[in-house]
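S.K.: take a look and give me a structure for this.
(chains A and B)
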Protein chains: 2
Amino acid sequence: MTTSRLYLYDTTLRDGQQTQGVQFSTTEKVRIAQMLDALGVDHIEGGWPGANPTDSDFFDAAPQTRATMTAFGMTKRSGRSAANDDVLAAVLNAGTPSICLVGKSHVFHVRTALGIPLDENLDNISASFAHVREKGREAIFDAEHFFDGYRADPAYALACLHAAYSEGARWVVLCDTNGGTLPNEIRRTVEAAIASGIPGDNIGIHTHDDTGQAVSNSLAAVEAGARQIQGTLNGLGERCGNANLTTIIPTLLLKEPFASDLRTGVSEDALKGLLRASRTLDDILNRVPAKQAPYVGHSAFAHKAGLHASAIAKDPTTYEHVDPATVGNERIVPMSNQAGQSNLRQRLREAGLDVEPGDPRLGRILDSVKEREARGYAYDTAQASFELLARRELGLLPRYFDVDRYRVISERRRNAKGQVVTVSEAVVTIQIGPKRITSFYENAHAATEPDAGPVNALSRALAADLGELQAYIDDLRLTDFAVRITDGGTEAVTRVVIDSEDGQGRQWTTVGVSANIIDASFDALVDAITWKLVRDGAPVPA
Amino acid sequence: MTTSRLYLYDTTLRDGQQTQGVQFSTTEKVRIAQMLDALGVDHIEGGWPGANPTDSDFFDAAPQTRATMTAFGMTKRSGRSAANDDVLAAVLNAGTPSICLVGKSHVFHVRTALGIPLDENLDNISASFAHVREKGREAIFDAEHFFDGYRADPAYALACLHAAYSEGARWVVLCDTNGGTLPNEIRRTVEAAIASGIPGDNIGIHTHDDTGQAVSNSLAAVEAGARQIQGTLNGLGERCGNANLTTIIPTLLLKEPFASDLRTGVSEDALKGLLRASRTLDDILNRVPAKQAPYVGHSAFAHKAGLHASAIAKDPTTYEHVDPATVGNERIVPMSNQAGQSNLRQRLREAGLDVEPGDPRLGRILDSVKEREARGYAYDTAQASFELLARRELGLLPRYFDVDRYRVISERRRNAKGQVVTVSEAVVTIQIGPKRITSFYENAHAATEPDAGPVNALSRALAADLGELQAYIDDLRLTDFAVRITDGGTEAVTRVVIDSEDGQGRQWTTVGVSANIIDASFDALVDAITWKLVRDGAPVPA
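M.R.: Here you go, the predicted structure:
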């Protein structure tokens, strides 16, 4: 039996950035693009060059990808030729192999938002796509408000699609821009577009989650014959978000009839990285991962009901629709820690630690991870802290130094000139071997360090004098830290995640948890230093 | 035209409690039941009496409701009569007018989980429902794993439904227990159940969100003829959660064809309380509300894209599928870099500030927003800080108090017993009218406040004594804070975003930026307090 190819078009970097509170830096965009490429999406929409500086910068810095890099823009404006539209020119100037242009397909919007005759909008679409094709680029048409437009004036909505398609658009994408269309209407409308003469192999679907049905709407369109799905990782996007590719991808690969009837560019192996990709994006955004997210949520395979848990022990398929390992997730069954040992050994191997199956220390590491996660720790990304925890249980963690005490002060006051100044100072006392060392650091408001505040002062004081170990940490640099309030059992606690870097370009992540943000930061700092000492094989002070 | 009655069955208190980390107290259950009743659901499933003490206590304390109070249990076990099954007796003893019993309908589960002959399971179902009807109660059958069961052995799955229905079950509810069935199969299977002789008016649907389609699955079943939907508020529930009634209810009332074809017990007025109900549940659970939740999310009607925002100003229906007021929500037009004057005026109106087009102060506000965004501020979500900034430029910001100085200390040391303790203390001096007030607060590591650290100490000290303004901020509560390192021009700075709430259920967001995390937090705290004083019309101290 032959299967049909379905294409995945990711717009996390463009429509995803329309999420309230989300603004990616260029570096973050590059990192996300690489992650999407590893996952196996077909198109990566990088942004709207010209519309904002970060988007233009991204295309200059864009990584080499297997996925087709795509710049987003809009069809040419009235009153000038496509060649003379500077907004369109900026999009083409990004130099991507593929160009996606949004345009109107709803009579109401042509009249109300654009205020131009209906024919003129059709001309603008045709001319824009003729121009993009003339420049040798792949062309994609995002037909804005297509479903609302089709409901209001089917002939005109279809004419807009054909204006782009007849000029060589590779894809015409039917957009449910306002997110209010329900699955049956999506299905019927896609069928009508195909019946009008545009093959399903040239039709895409772009949905939003305003009725909680963006996933179902996308799949309904595919059932009707559409062969491209536009969406975002973790369902980022304007208002309630776009169709969530993190949910759609495993459904396409694991569930019937999609698994048998369709092929995508996502391999089984790449699918196993789905959870990691989802969590990394949350990390970049400093967001708490959605616990109940389908497939990748922390609770997605958690069996709390007693009846469920006991049946799961007999046969996991009794209460699981797919195997959690297929998406890199884990089963959570209270009172059982057998699950997870093979996962754990894999993760230890990544840290260079080989442990035999059945080694009782594996159980102790799992218990320790669980106990600490219940207190608010998160080891998904903080691999360095995880490694230290495992080494402690394995008896492989040298004792480099002990912290006796620290004290940090932040103060805002007026100086002698009457100016408001903010000052942070820290004192740290450590014990290294037989030696007791006290260090002090003070910084002022205008310092150029990330967080020229108490955490920075503390980190400087701690790293100021490690005695004979000092040479090992001279090149250590704190590159980022993220703070989150989270649940630690019955109490709310603060989790601090710190990214560090050294002169060899190594990067590592550590985590600290406490009811006190300074205390949590301090523990993550101590982990960051300790990990580097371990990795560099520093000698333990006598 | 006659419309058909659709019944809503809420299981927040039973299946909703299967959510990881959720455990309601009896008082909380009573409060939630009253809220559900005000909303207009038809059944409230209160728990499984006998299975855990809180559930039994709840039925003793259950409030008078218009909705039918329902106790949950399971069909009688093999080897005893229905009358002699103590588990079933405990359910009946709760004395509710309605009883819902879960039972098997999947051959695999009868064999694997129960380990009994198929006929015996049918007998157990029949005998259980005969017994419940004999006791004069309404009887409801939750057919567990019905869709998986129908796929495996259609005749047996249907026979299980008929075993309950023929003994007088008012509802047979088709459960997609593992959450893996997709909408088309749901639709076909419900049609088959109706074709087997059970009217749609006696068929219910119970779905889970493991493929992100619990809402679509519920609606597909209704389209096929089912007339009861089981679900939970905010989609609480085992694994990825149950069908989200907070999404389903407005879809049924506001979207076609449901709005015309069906009636529920939820009035237009009650629908306006939906957002409040959703937030109250989050509050009880101490959860951060899902920002992108359909209909009730804080971002559900937020229009960030520049093109969207300018069209919204002309006509909200251009980018909104329903009016936010119908569910008690509000439109948000965030400020962004591209924001023009019409956006700005719209946003000012939302804050109750009417400014004429062309007013030169609009330009000053925009300049101020841009200048501060360049320094690292973000006003997308921090509407309250935006409002204060605008009021300042408009000359409408009362001067309530000035901060003279603050000082905060965090320290980790050993106490007299040699235990490691962490302590934070803060001193704040403010000037209110002619009065100078100095307040002090100290906390220790184990305090149960979110962030029992320096920010908390500072916030407590600041809010400890606002003199004559104190009464206005007594009910102010810090619900979340998020920290991010970001670019502030050439320097890296820390941005702190704080969510606050008061006794009236108002929520607002403020932002502070500084190279020092404590300083940034402090500014966001001062904004949070000031906004509340403005909104409550506090008098300016003389």
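S.K.: mind listing what's buried along the helix or strand where residue A:33 lies?
M.R.: Counting by DSSP states H and E, the element that carries residue A:33 is helix A:26-39. For helix A:26-39, the neighbour count (16 or more other C-beta atoms under 10 Å in any protein chain shown) marks A:26, A:28, A:29, A:30, A:31, A:32, A:33, A:35, A:36, A:37, A:39 as buried. In this view, the C-beta of every residue, glycine as well, is placed from N, C-alpha and C.
S.K.: of all those, which two lie farthest apart?
M.R.: A:26 and A:39 (20.5 Å; C-beta to C-beta).
S.K.: got the contact list for the closest residue to chain B within the stretch 301-450 of chain A?
M.R.: Here the stretch 301-450 of chain A gets closest to chain B at one residue, residue A:321, 2.4 Å apart by C-beta to the nearest C-beta. By C-beta atoms under 8 Å, 6 or more residues apart in numbering or on different chains, the contact set of residue A:321 is A:255, B:178, B:179, B:180, B:210, B:211.
S.K.: got the domain boundaries for chain A?
M.R.: A:4-266, A:402-449 (automatic domain parsing).
S.K.: need the helices for the stretch 1-150 of chain A, in chain order.
M.R.: Per DSSP state H, counting those that start in this stretch, the stretch 1-150 of chain A carries helices over the ranges A:26-39, A:53-61, A:86-93, A:107-109, A:118-134, A:146-152.
S.K.: and residue A:503, that one's in a helix?
M.R.: No: in this structure, residue A:503 is coil, not part of a helix, as judged by DSSP: H, G, I helix; E, B strand; the rest coil.
S.K.: do I have it right that it meets residue A:475?
M.R.: Yes: assessed by C-beta atoms under 8 Å, residue A:503 is found in contact with residue A:475 at 3.3 Å.
S.K.: neighbour count winner among these two?
M.R.: Applying other C-beta atoms under 10 Å in any protein chain shown to residue A:503 and residue A:475 shows that residue A:475 carries more neighbours, namely 12 against 9.
S.K.: using the three-state scheme, assign the more buried one.
M.R.: Assignment for residue A:475 (three-state DSSP): coil.
S.K.: if I look at it, how far off is chain B?
M.R.: 19 Å (C-beta to the nearest C-beta, to the nearest Å).
S.K.: hang on, the earlier thing: secondary structure element for the residue of the stretch 301-450 of chain A closest to chain B?
M.R.: Short version, using DSSP H and E: residue A:321 is in no helix or strand.
S.K.: try residue A:526
M.R.: Per DSSP H and E, residue A:526 falls inside helix A:517-535.
S.K.: if we can go back for a sec, of the contacts of residue A:321, just the buried ones, PyMOL syntax please.
M.R.: Buried subset of these, written as a PyMOL selection, criterion 16+ other C-beta under 10 Å:
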select buried, (chain A and resi 255) or (chain B and resi 178+179+180+210+211)
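S.K.: tell me the mean pLDDT over stretch A:16-33?
M.R.: For stretch A:16-33, mean pLDDT rounds to 89.
S.K.: start and end of that stretch, how far apart?
M.R.: 13 Å (C-alpha to C-alpha, to the nearest Å).
S.K.: could you do stretch A:530-542 as well?
M.R.: End-to-end distance of stretch A:530-542: 17 Å, with C-alpha to C-alpha as the criterion.
S.K.: residue A:4 bridge partners, please.
M.R.: Under DSSP bridges, the beta-bridge partners of residue A:4 are residue A:262.
S.K.: can you get me a residue count around it?
M.R.: 12.
S.K.: so where's the stretch 301-450 of chain A shaky on pLDDT?
M.R.: A:305-306, A:309-310, A:333-343, A:380-381, A:444-450 (pLDDT under 70).
S.K.: residues in it within reach of chain B, list them.
M.R.: With C-beta under 8 Å from any C-beta of the partner chain as the criterion, the stretch 301-450 of chain A comes near chain B at residues A:301-305, A:308, A:311, A:314-315, A:318-322, A:332, A:403-414, A:422, A:424, A:445-450.
S.K.: let's see which of these end up in helices.
M.R.: A:308, A:311, A:314 (DSSP state H).
S.K.: for those, which one is nearest residue A:106?
M.R.: Set against residue A:106, the nearest of these by C-beta to C-beta is residue A:308 (47.0 Å).
S.K.: and that closest one, how far from residue A:23?
M.R.: 41 Å (C-beta to C-beta, to the nearest Å).
S.K.: quick one: furthest residue from the center of chain A?
M.R.: Here chain A reaches farthest from its C-alpha mean at residue A:416, the gap being 47.9 Å by C-alpha atoms, centre = their mean.
S.K.: quick check: that residue is in a helix.
M.R.: No: Residue A:416 is assigned coil when assessed by three-state DSSP, not a helix.
S.K.: what's it sitting at in phi/psi?
M.R.: phi -60, psi -30 (degrees, to the nearest 10).
S.K.: can you check the one 3 residues further on too?
M.R.: Summarising the backbone geometry of residue A:419 under the convention degrees, to the nearest 10, its torsions are phi -80, psi 150.
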